[in-house]
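*Asks:* fold the following, please.
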Amino acid sequence: MSKIALIADEAVLPPLALSGISVFAGQTASKFSKALSDVAADGGYKAVFVTEEIAALNAEEIAASDKVNLVVIPGLGGKDGFFRSVIDQLTMKATGAE
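*Replies:* Residues are numbered from 1 along each chain as shown. Model prediction:
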């Protein structure tokens, strides 16, 4: 069975852990790096969800990550546009419009 992980702020993790999702705290750069490294080392995760707030704080590390399928999702604060800006940048790069 495929495993799913969530890297988010510690406040949202306890209830989600009860659902069977592997949860990792990522609100600091060091915690995010450790979580990403643990998930990559396991190799069994098919999807790793990261909240927009955490993704925005760790954008460079996310961009450099090629071992894990990261999916950015809105966090408790709602959408802040981070993921949209990443998609816009990727689209511009893919079409040569940079």
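*Asks:* now do the strands in the chain.
*Replies:* Secondary structure of the chain (DSSP state E): strands at 3-8, 22-25, 45-51, 70-73.
*Asks:* please identify the deepest-packed of the ones you listed.
*Replies:* Counting by mean count of other C-beta atoms under 10 Å, strand 3-8 has the highest mean neighbour count of these, with a mean of 22. The C-beta positions use only the backbone N, C-alpha and C, and glycine is treated the same way.
*Asks:* and the helices in the protein, which stretches?
*Replies:* For the chain, the helices defined by DSSP state H occupy 13-17, 29-42, 52-57, 59-64, 82-95.
*Asks:* for this structure, give me the ranges with low pLDDT.
*Replies:* Scanning the chain with the threshold set as pLDDT under 70 gives 1, 76-91, 94, 98.
*Asks:* any chance of the helices of the chain in a markdown table, plus distance to Ile7 and mean neighbour count?
*Replies:* Listed next are the helices of the chain as a markdown table, based on distance: least, C-beta to C-beta, whole Å; neighbours: other C-beta atoms under 10 Å:
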| stretch | distance to Ile7 | mean neighbour count |
| --- | --- | --- |
| helix 13-17 | 9 | 12 |
| helix 29-42 | 5 | 16 |
| helix 52-57 | 6 | 21 |
| helix 59-64 | 10 | 12 |
| helix 82-95 | 14 | 12 |
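*Asks:* lovely, talk soon.
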